[in-house]
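Chemist: Got a sequence here, can you build the structure:
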Amino acid sequence: MKGISRQDVDAKAETSNQWVSARHFLHADDPRLKNPLYNPHKNNNGRHLIESSLSASGTQWSVQGAFPTIGRVEWEQETPPPSAEKPVARAVKTTGEALFEFMERIDSKVENAFSRQDSRELKSLLLRAAQHLAQQTDDKEAALEELHGMTVKAAEAAKQTKAELDELIERAKQLEIEAETATNEEVERLKAQLEGIGGGGGLRVDMLHPETGHEYLRGKVSKYVYFPSYEAFACFLACLEADGMLESVKLRRSAADDDEDATHAPKRPSHRALDGRNSIFFTLFVLRTGIDVSDASPLFGIDDSTGSRYFSSYLCFLHEWLESEFPTPTAEQIAAATPEWVKNKLPGWPLQLIFDATEFRTEFPEDLMVYRTLWSNYKHWTTVKLLGGIYPLPGGFCKNSADPTAFGGSGGDVGCTLVSRLIKILLTDHASLADKGFTLHTQFAALYHYLFIPMYAYNKQKSFSKEDSEMSHTIGHLRIYIEEAFRRVREFKIFRKQVKLSQLDLIGRMFAVCALMTNFSPLLKLDPSDPTISIAEKLWGV
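Modeler: Residues are numbered from 1 along each chain as shown. The predicted structure is shown next:
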């Protein structure tokens, strides 16, 4: 394959009376010309087509700058040039055939030069070598064909898997759209039922009273304000009214009013469209039912712009008040509230937090940069991401574990956690639980805090050890309670709808308020022997 000598060319022309033609030269694009094994000096350019007036077709083959490079056997039975994928296999096969021909041609010479025994051994040796070359070529080509078949099957399987995954994603999207549609229909029915109930004055807190309230509203307190009974809601309002706090709330007109140094017009409580109690009722009503502020405002006898100011103002007030009521617990409070069965799950490691991220779908923005920021590859939608952490295991969010900071759906779990409030409340010599995506062991270790996450499979590990499996099961068994806590937050139906882009500045506080409100709910895991009524009582004693 490295070329033929001039003597071979002359011999070929003499024996068969056939001149060497262009077909005895390799094509200019033949891959063997680029291989130093076949073209060591890189001076063989191969044959190529040129325009010619002598040819009937207008073109002819030119061999200028080329010389024969195919073996003698290919002169007699020319085969297609080796493909780019299998040049070596073709070369081995050609060399083997040339070796067989060489043996036949030198048979008489070998017998004259060597003894009969030596000539037999040489011929036998050459024969075995040729057979080995032929067998190697056949095996390699068979292996390449098998590999090609496996590659095609793998590509088809990957294509089918991708199609199935796309179908599942579309189905999940459709289910979310159906759930959102059902929520919107429920909201519309509720609006139709409540229209005209309050007359000209609109809905008021007194209409929830079980005896003197409106016949349609009485007994439905939990449906409108989350509290289980009117008495519990009345106690909550009484706490808010302490020292005149509720009536001293300043109406918020824009985000600039959040600045403590901002100047405000004198408040006029007596001239407000809604007093403090009804303003809280209005705020919780919007959060709990999911009715838009613009639609809920007429139900309370106020216009849209007034309702927007009241909602944002009293939402901020509730956020500040709930944060003051649920500060970050001390290590002693956490240890006293944690049940024994939780402590026995991870002996030697006092648990502080179980945290995770949750995402809420938003409207599609028109701005491309905003769209990329909000796009979530996990939800396949534009979302806002919020972090939350509960204490094991009455549950419950504190002021810092219900982080009001909202991140775009494109934000990673690690980056969001590092800039959140959660990282600032970690206790020394404690541990926390998280999902696989929160690979923060180094950062937590620097704070002398240990992080438990489910086990990863490394280096193509096919299975876990018994200890790793048990640890992953333990972590998963405890982590499930953060999902239950997020489910309680989603009972506020405002999160079952797409978040409006105009509410992105408030979505973090809306999440924090709803998360902190769940502290008035029963324990995440009820214990019949524990007389505690709520999470707030168990962890904070309030």
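
Chemist: C-alpha only now, for contacts and for neighbours.
Modeler: Noted.

Chemist: what number of residues lie near the nearest residue to residue 202 once chain neighbours are set aside?
Modeler: By the measure of Cα to Cα, 6 or more residues apart in numbering, the closest residue to residue 202 outside its immediate chain neighbours is residue 300, 4.0 Å from it. Taking other Cα atoms under 10 Å as the neighbour definition, residue 300 ends up with a count of 26.

Chemist: Report pLDDT for residue 300.
Modeler: Residue 300 carries a pLDDT score of 89 in this model.

Chemist: That one reaches residue 197, doesn't it?
Modeler: No - with contact defined as Cα atoms under 8 Å, residue 300 does not count as touching residue 197 (9.9 Å).

Chemist: quick one: common contacting residues for these two?
Modeler: With contacts defined as Cα atoms under 8 Å, 6 or more residues apart in numbering, the residues adjacent to both residue 300 and residue 197 are residue 203.

Chemist: which residue is nearest the centroid of the chain?
Modeler: In the chain, the residue lying closest to the centroid (Cα atoms, centre = their mean) is residue 378, at 3.6 Å.

Chemist: Okay, and that residue sits in which element?
Modeler: Assigned by DSSP states H and E, residue 378 falls within no helix or strand.

Chemist: Look up how far residue 358 lies from it.
Modeler: Relative to residue 358, residue 378 is positioned 11 Å away (Cα to Cα, to the nearest Å).

Chemist: Might you report the residue contacts of the residue lying closest to residue 209 once chain neighbours are set aside?
Modeler: For residue 209, the nearest residue in space outside its immediate sequence neighbours is residue 218; the separation is 5.8 Å by Cα to Cα, 6+ apart. When the contact criterion is Cα under 8 Å, 6+ apart, the partners of residue 218 are 207, 208, 209, 210, 211.

Chemist: Tabulate the residues you listed in CSV, adding columns for pLDDT, secondary structure and neighbour count.
Modeler: Converted to CSV, the contacts of residue 218 look like this (pLDDT from 0 to 100; DSSP: H, G, I helix; E, B strand; the rest coil; neighbours: other Cα atoms under 10 Å):
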residue, pLDDT, secondary structure, neighbour count
207, 88, helix, 18
208, 89, helix, 22
209, 88, coil, 19
210, 86, coil, 17
211, 86, coil, 11
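
Chemist: Just send the residues you listed back as JSON lines, with distance to residue 185 too.
Modeler: Conversion of the contacts of residue 218 to JSON lines gives the following (distance: Cα to Cα, whole Å):
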{"residue": "207", "distance to residue 185": "24"}
{"residue": "208", "distance to residue 185": "24"}
{"residue": "209", "distance to residue 185": "27"}
{"residue": "210", "distance to residue 185": "28"}
{"residue": "211", "distance to residue 185": "30"}
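
Chemist: and which of the residues you listed is nearest residue 401?
Modeler: Set against residue 401, the nearest of the contacts of residue 218 by Cα to Cα is residue 208 (32.4 Å).

Chemist: In space, what's closest to the closest one - neighbours in sequence excluded?
Modeler: Using Cα to Cα, 6+ apart, the closest residue to residue 208 is residue 218 (4.7 Å).

Chemist: what do you get for residue 350?
Modeler: In space, and not counting its chain neighbours, residue 350 is closest to residue 430: 5.2 Å by Cα to Cα, 6+ apart.

Chemist: Surely that neighbour and residue 450 touch.
Modeler: Yes - here residue 430 lies in contact with residue 450, judged by Cα under 8 Å, at a distance of 6.4 Å.

Chemist: Just want to know which of the two has more residues nearby.
Modeler: The neighbour comparison of residue 430 against residue 450 (other Cα under 10 Å) goes to residue 450, with 23 against 18.

Chemist: Contact partners for residue 391?
Modeler: For residue 391, counting by Cα under 8 Å, 6+ apart, the contacting residues are 334, 352, 353, 354, 397.

Chemist: Could I get the buried residue list for the one helix or strand residue 48 maps to?
Modeler: With secondary structure defined by DSSP H and E, residue 48 is part of strand 48-51. For strand 48-51, burial by neighbour count (16 or more other Cα atoms under 10 Å) applies to residue 48.

Chemist: Kindly export it (C-alpha atoms) in PDB.
Modeler: Backbone C-alpha positions of strand 48-51 (Å, rounded to 0.1, in the frame of the first residue of the first chain) are rendered in PDB as follows:
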ATOM      1  CA  HIS A  48      -8.600  14.800 -10.300                       C
ATOM      2  CA  LEU A  49     -11.000  16.000 -13.000                       C
ATOM      3  CA  ILE A  50     -10.000  18.800 -15.300                       C
ATOM      4  CA  GLU A  51     -11.800  20.600 -18.200                       C
END
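
Chemist: Parallel or antiparallel, which strands does it pair with?
Modeler: Using DSSP bridges, strand 48-51 pairs in its sheet with strand 59-62 (antiparallel).

Chemist: quick one: buried residues of the strand it pairs with?
Modeler: The neighbour-count criterion (16+ other Cα under 10 Å) identifies 60, 61 as the buried residues of strand 59-62.

Chemist: and what of stretch 225-244?
Modeler: Within stretch 225-244, the residues that count as buried by 16+ other Cα under 10 Å are 225, 226, 227, 229, 230, 233, 234, 237, 240.
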